[in-house]
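1. could you look at this predicted model? Sequence included:
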Amino acid sequence: MTLLVVGVVVFVGMHSLRIVGLRDRMVERMGKDRWQGLFSLVVLGAMVAMVVGYGQARRTPTLLWMPTPFMRSTTLVLMAPVFPLMNAAYTRGHIRRSLRHPMMMGTVLWAGLHLLSNGMVHDLVLFGGLLAWSAVWVARQKPASAFDGPARWTHDVAAVVSGLLSYGLTLGWLHRWLIGVAVI
């Protein structure tokens, strides 16, 4: 569990440097390229710690609450917009232009729904930590960076279609392969 906690704290901490104004100071001190390299290495290490720590914690789970079948089926249905939201963050569409930050909104939804359908302590640490961080990010940030030119509906359609296809692939195979848990 310690490795999971360290991974979540470092991941959230590194991504929160912008919120508290430290990112700009680090870029100024180190230069943009060196900062991005260091940031990437530390975040990658934190992600590895989260994955390994979560896997270790799953071996000795501690139950906090017992999710009902309704909670699990609700999660399956409400997860549908998560992948399109995350994809929309990389487009020049209306979704990205109109939402504060579609990727972080997708993260809020993903983490909150996973808390709904998973009731172990390690689930609370991982999903609760990422939910708290992403909710603060959404609440504090201005809309995602604007882009020049008009928003295009074709970009929104591409984000939604590719997102739903990714979700289908995740439901049918990828979640079981990556996480070891079949969701359907």
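-> Structure's in. What do you need?

2. contacts, neighbours, all on C-alpha from now
-> OK.

3. C-terminal to the longest helix belonging to the chain, what's the next element?
-> Longest helix of the chain, by residue count under DSSP state H: helix 32-59. Next along the chain after helix 32-59, taking DSSP states H and E as the criterion, comes helix 69-78.

4. would you put the C-alpha positions of the helix or strand just after that following helix in PDB?
-> Tracing the chain past helix 69-78, the next element assigned as helix or strand by DSSP H and E is helix 82-88. Only the C-alpha atoms of helix 82-88 are listed here, as PDB (Å, rounded to 0.1, in the frame of the first residue of the first chain):
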ATOM      1  CA  VAL A  82     -15.100   9.100 -20.500                       C
ATOM      2  CA  PHE A  83     -13.100   8.100 -23.600                       C
ATOM      3  CA  PRO A  84     -14.800  10.700 -25.900                       C
ATOM      4  CA  LEU A  85     -14.000  13.400 -23.400                       C
ATOM      5  CA  MET A  86     -10.400  12.400 -23.200                       C
ATOM      6  CA  ASN A  87     -10.100  12.200 -27.000                       C
ATOM      7  CA  ALA A  88     -11.800  15.600 -27.300                       C
END
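
5. by contact count, what packs against helix 82-88?
-> On a contact count with 3 or more C-alpha pairs under 8 Å, 6 or more residues apart in numbering; DSSP states H and E, helix 82-88 meets helix 94-98, helix 102-117, helix 153-169.

6. so which of the ones you listed is nearest Pro84?
-> Proximity to Pro84 (C-alpha to C-alpha) singles out helix 153-169 among the helices and strands packed on helix 82-88, at 4.1 Å.

7. buried residues in the closest one?
-> 155-160, 162-164, 166-167 (16 or more other C-alpha atoms under 10 Å).

8. go on, stretch 10-24?
-> Quick answer for stretch 10-24 (16+ other C-alpha under 10 Å): 10-12, 14-16, 23.

9. now for the residue nearest the centre of the chain: which residues touch it?
-> What sits nearest the mean C-alpha location of the chain, by C-alpha atoms, centre = their mean, is Thr107, with 3.7 Å. Going by C-alpha atoms under 8 Å, 6 or more residues apart in numbering, Thr107 touches 82, 86, 130-131, 134.

10. ok, the residues you listed vs Ala46, which is closest?
-> Distances from Ala46 to the contacts of Thr107, taken by C-alpha to C-alpha, are shortest for Leu130, at 12.6 Å.
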